[in-house]
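S.K.: I need the structure of the sequence given here:
(one chain, ligands or ions: 1)
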Amino acid sequence: MNMEGEASPVGWARWGTTKNAQVLPESASTLLAQVLELAPPPPVVPLAEVTVPDCELDGAVLGALRQALGAGHVVTTPDARARHASGMSTPDLLRHRQGLVRAAPQAVLRPADHAEVVSILDICSRFGVTVVPFGGGTSVVGGLTPSAARHVAVDLSRLSDVVAVDPTSRTATLQAGLRAPRAAELLAEHGFTLGHVPQSYEYATIGGFAATRSSGQASAGYGRFDDMVMALTVATPRGTVRAGRAPASAAGPDLRQLFLGSEGTLGVITDVTVRIRPLPAQSHYEGWRFESFAEGLHAVRRLAQDGPQPTVLRLSDEVETMIGATGAGRSDGGCQLIAGYEGADVRSTVEAAAAVLAAHGGVPLGEEAGQQWARHRFDAPYLRDALLDAGAFAETLETAAYWSALPEVHDRVRQAILAALPDGALVLAHVSHVYETGASLYFTVICSPGPDPVDRWRKAKAAASDAIAAAGATISHHHGVGADHRAWYAAEIGDVAVDLLRAVKQQLDPAGILNPGILVP
Ligand SMILES: Cc1cc2nc3c(=O)[nH]c(=O)nc-3n(C[C@H](O)[C@H](O)[C@H](O)COP(=O)(O)OP(=O)(O)OC[C@H]3O[C@@H](n4cnc5c(N)ncnc54)[C@H](O)[C@@H]3O)c2cc1C
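M.R.: Residues are numbered from 1 along each chain as shown. I've put the predicted structure just below:
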């Protein structure tokens, strides 16, 4: 199973395939060399040279799994096991570059359908084997690396069909292992779109989006993924739960919310019924410039609260704007806003939104700035590879807060990261998901790696997370909790809620086989 094979969705030591690899623009390399101390990184250890300890599952477990799935779908090759050992955070990539595998699964299981997932959970509960649901493998918060040593990965890539499309209600039921581009292709055959476009679009899956409460670049217009979910089917060790059956319901608490964001700890999501929209006949992207982040925030808030609402709204702070302009060979200054519009006829919305932006200090940069962003909307992970190749360290983190707190959160997190990396770092930020009451903040950090980049980042990330908590923001707007945010998540929800989560897990997963060490404190 290689990068192109259906069971190996993500790259090993880099994002995606080398055919899409990016080269750092000359101007960006010059800037980096001026600001950071960089040395050539150690050579990348090829996957073929990586050692993975032998599979230690006993014959009875392997026999039962082979009987349930077919021998060909219980994979124990070192390559497959290494590829399913972790996600795609920068620390994950750096370990892979050194040829290190954090905790390889004993086997990669590839069920064909819901019934086979149920069988896996039954067998693994009986034999006490930990199960890690594996979608696209793009987690950046340690969501695929459980605390238990012996585990199997349940790769959902064979659950990759559209189950049903209801054009009248505008809903579609999609299997959990469908990757986003394939889901888009299949829905387009019916004239519909999901409108969910995260930066990990190329590899992430429908089940992963639901399990992590993902949010995409067009969330201003289409909503977050959890807003789109009408119903889901979940295989748990206790049996199947089907949550959601009508467009809205007053029949007790909304159990969909229990499984959205449950990160594989309560069950394996096998299909998701989502709200879909007609494919947009028109799309329009444009750029705007504001004097300052504060001014841009004010304008974006006006649109988010009073409309009209674009489909994409993305405001970069001064540093992100400066780095972006340097990469493109310009020197704009101020803060750049990208506004995107999709729909049947967007002209009146574009004009009305432009009037609001202009009234709040915005200067139009024209369509080319917007189209340039749209053309490069999936480049960032490839640029991260290029930065790592150049000997720099680059990673991201994110949060969300109410509008009134947002400027302070921006400032405190920036300061915390800079203080934790005293020999210099570039800290870029943008707002890209807006709500009536607040917005997300997404930070990119570029620094020199130092002798132990993973440990150096662990400390800087902890400082940023403490600053997020102290400023009253949430530990994650869309990356999720995983193993990395667990302590901050526990503090955020409090002791009673922690006990509640543990009690629910105990009910659904009495043997504790599902993703121990992830999410649930
Ligand atoms: C370069 C890059 C850019 C990213 N950009 C974004 C972004 O713009 N927006 C965003 O929201 N996120 C983003 N992410 C984070 C990540 O892509 C999301 O969390 C995504 O939703 C994960 O989907 P996946 O299919 O890859 O899940 P995985 O990474 O395979 O799994 C994530 C977690 O969910 C669990 N899980 C997966 N599938 C299931 C299932 N079927 N049932 C139960 N549990 C399951 C796993 O056990 C794990 O704990 C980015 C990540 C990278 C590497």
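S.K.: what about the stretch 251-400 of the chain, any weak spots by pLDDT?
M.R.: By pLDDT under 70, the low-scoring segments of the stretch 251-400 of the chain are 328-332.
S.K.: need the strands for it, in chain order.
M.R.: 268-275, 277-278, 282-290, 312-316, 335-343, 363-366, 393-402 (DSSP state E, counting those that start in this stretch).
S.K.: Which one, of those strands, ends up nearest to the ligand?
M.R.: With C-beta to the nearest ligand atom as the criterion, the ligand lies closest to strand 268-275 of the strands of the stretch 251-400 of the chain, at 3.6 Å. Any C-beta I mention is one placed from the backbone N, CA and C, and that applies to glycine too.
S.K.: chain center to the closest one, what's the gap?
M.R.: 17 Å (C-alpha atoms, centre = their mean, to the nearest Å).
S.K.: Please name every helix or strand in contact with it.
M.R.: helix 114-127, strand 130-134, strand 171-175, helix 206-212, helix 225-228, strand 229-236 (3 or more C-beta pairs under 8 Å, 6 or more residues apart in numbering; DSSP states H and E).
S.K.: coming back round to it: switch the strands of the stretch 251-400 of the chain over to TSV; also include mean neighbour count.
M.R.: Shown next, in TSV, are these (neighbours: other C-beta atoms under 10 Å):
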stretch	mean neighbour count
strand 268-275	26
strand 277-278	15
strand 282-290	21
strand 312-316	25
strand 335-343	25
strand 363-366	14
strand 393-402	23
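S.K.: I'd say residue 262 and residue 519 touch.
M.R.: Yes - in this structure, residue 262 is within contact of residue 519 by C-beta atoms under 8 Å, at 7.0 Å.
S.K.: Using TSV, lay out the strands of the stretch 251-400 of the chain together with distance to residue 172.
M.R.: Below are the strands of the stretch 251-400 of the chain laid out as TSV (distance: least, C-beta to C-beta, whole Å):
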stretch	distance to residue 172
strand 268-275	6
strand 277-278	11
strand 282-290	21
strand 312-316	22
strand 335-343	18
strand 363-366	36
strand 393-402	28
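S.K.: if we can go back for a sec, just name the most buried of the helices and strands packed on strand 268-275.
M.R.: helix 206-212 (a mean of 31; mean count of other C-beta atoms under 10 Å).
S.K.: I'd say residue 147 and residue 520 touch.
M.R.: No - contact criterion C-beta under 8 Å: residue 147 and residue 520 do not qualify, at 10.8 Å.
S.K.: Get me the contact residues on the stretch 301-450 of the chain for the ligand.
M.R.: Contacts of the stretch 301-450 of the chain with the ligand, taken as C-beta under 6 Å from any ligand atom, map to residue 381.
S.K.: who wins for proximity to the ligand among the helices and strands packed on strand 268-275?
M.R.: helix 206-212 (2.1 Å).
S.K.: Does the ligand have contacts with the closest one?
M.R.: Yes - using C-beta under 6 Å from any ligand atom, helix 206-212 comes into contact with the ligand via 207, 208, 209, 211, 212.
S.K.: from those, which is closest to residue 271?
M.R.: Set against residue 271, the nearest of the residues of helix 206-212 next to the ligand by C-beta to C-beta is residue 207 (8.2 Å).
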